[in-house]
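Student: With the sequence up front, the predicted model follows.
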Amino acid sequence: MKRLTLYISILGMMAAFAVSAFGQASLRSLDGQNIDVTTQKGKVVVLVVGASWLPLSAKEATVTNTLVKKYASKPVVFYFVATDAAAGKNAVGDAELRQFATKNKLTVPVLRDPDGAVVMGKLKVEQVPSFVILDKTGSVSGEPFGGLDPKSDASIPLSKLIDKLL
């Protein structure tokens, strides 16, 4: 009987862990911190999903910096989520990501999602570059905003989406 109770307890803990792990969207920052982008209750979170090698990511950085200035006094948090590989043939290290951020005057923290488990899996991003907006409860609000046109100002439609959540 004690053994059965032990097995049931272990299974219960494993199930609880699996549920909590599935609900998390934790990414590593370049300074080594793990940040769960879905647990910033009371704030709108804007995830700028890109890659250092992608030319349109420089346009994303410009749009992001415009939005950061606009929402500086509002409960809005921005992150650049790099989908660059961390290992393998095309690996990009943290130093290269910092260099990308500096070159493009990116003013937001850079997070890594090298295998796409969070942005492609949990947040359902289908293309890079994209913007994903999380509401004040940490849930994805609408579809990811992608397909950036280098000739248009993406900050305008993004502002409208953010304003609806504030």
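Tutor: Alright, I've got the coordinates.

Student: distance of S139 from A58?
Tutor: Distance, S139 to A58, using Cβ to Cβ, to the nearest Å: 30 Å. Every C-beta, even on glycine, is put in place using the N, C-alpha and C of the backbone.

Student: Between those two, which has more neighbouring residues?
Tutor: A58 (17 against 8; other Cβ atoms under 10 Å).

Student: Mind listing residues that contact the helix or strand where that one lies?
Tutor: In this assignment (DSSP states H and E), A58 forms part of helix 56-70. Outside helix 56-70, the residues that touch it by Cβ atoms under 8 Å, 6 or more residues apart in numbering are 46, 48, 50-51, 76, 78, 80, 100-101, 104-108, 128-129, 131, 148, 150, 153-155, 158-159, 162.

Student: and what of stretch 82-97?
Tutor: The contact list for stretch 82-97, computed with Cβ under 8 Å, 6+ apart, reads 30, 49-53, 100, 110-114, 116, 119-120, 128.

Student: go with 7 Å
Tutor: 30, 49-53, 110-114, 116, 119, 128 (Cβ atoms under 7 Å, 6 or more residues apart in numbering).

Student: what's the offset of it from the middle of its chain?
Tutor: Distance of stretch 82-97 from its chain centroid, counting by Cα atoms, centre = their mean, to the nearest Å, is 16 Å.
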